[in-house]
Structures are given as structure tokens and as C-alpha cells.
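Novice: Task: produce atomic coordinates for the following.
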Amino acid sequence: MPAAWQDAPTTIAGVDMKKAVQNIQRILAKNGYDAGGTDGVMGDRTKKAIMAFQTDNGLPATGSVDEPLVKALLAKK
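Specialist: Numbering: from 1, shown residues only. The predicted structure is shown next:
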């Protein structure tokens, strides 16, 4: 998640970030990655799960939510 988003309101340009993170956590869990539950919080376990997913899918392991990550997650949904 871009640093600028971390302190932003929970709704950005019509996107509820808590729900977005929950959806990411659900897809990660469904694919065998431990994101620490579906609480909508971008904590250390979620970041580590994102990094593992990124590595396994040939993406740069940033631990951040970006367009390539979202596209790869949606393909595994």
C-alpha cells in the first residue's frame, strides 16, 4: 500500500480501503498465504503474505498493494 494511503481516510476516491484489504486477505488465504485473518488491517502478516505471493507469482516483492498485485490476485480469485 502506498505510504500516502496509510494515513488517509478509510474511503479514497470511492474505494473503501478496509474492504479492499479484507478482499486481498481473503484471496491470499484462499491461495494458502497466511495474511493474519480478514480484519482489513494492513499489518506485518498481511505484508509478508503479499510479499510471498508476489515472489511466487514473479512480481517484485514489495509487500505493497499495486496494480500488478491486484491483477494477479484477481486472476487467482
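
Novice: Now stretch 38-49 - C-alpha only, PDB.
Specialist: Extracted C-alpha coordinates of stretch 38-49, given in PDB (Å, rounded to 0.1, in the frame of the first residue of the first chain):
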ATOM      1  CA  THR A  38      -9.500 -10.900   7.300                       C
ATOM      2  CA  ASP A  39      -9.600  -7.900   9.600                       C
ATOM      3  CA  GLY A  40      -8.900  -5.300   6.900                       C
ATOM      4  CA  VAL A  41      -5.700  -4.100   8.700                       C
ATOM      5  CA  MET A  42      -2.500  -3.900   6.600                       C
ATOM      6  CA  GLY A  43      -0.300  -5.400   9.300                       C
ATOM      7  CA  ASP A  44       3.000  -7.200   9.200                       C
ATOM      8  CA  ARG A  45       1.400 -10.700   8.500                       C
ATOM      9  CA  THR A  46      -0.600  -9.300   5.600                       C
ATOM     10  CA  LYS A  47       2.600  -7.500   4.100                       C
ATOM     11  CA  LYS A  48       4.600 -10.800   4.500                       C
ATOM     12  CA  ALA A  49       1.800 -12.800   2.800                       C
END
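
Novice: let's number from 602 now, not from 1
Specialist: Sure, I'll start counting at 602 from here, so that last one is stretch 639-650.

Novice: chain center to it: distance?
Specialist: Offset of stretch 639-650 from its chain centre (C-alpha atoms, centre = their mean, to the nearest Å): 7 Å.

Novice: Same question for stretch 647-667.
Specialist: Worked out by C-alpha atoms, centre = their mean, stretch 647-667 lies 8 Å from the chain centre.

Novice: Could you do stretch 671-678 as well?
Specialist: Centroid separation between stretch 671-678 and its chain, computed with C-alpha atoms, centre = their mean, is 11 Å.

Novice: Ok, stretch 654-673 next?
Specialist: Using C-alpha atoms, centre = their mean, the offset of stretch 654-673 from its chain centre is 9 Å.

Novice: what does it contact?
Specialist: Outside stretch 654-673, the residues that touch it by C-beta atoms under 8 Å, 6 or more residues apart in numbering are 602-603, 621-622, 625, 629, 632, 634, 643, 648-649, 651-653, 674. For every residue, glycine as well, the C-beta is placed using N, CA and C.
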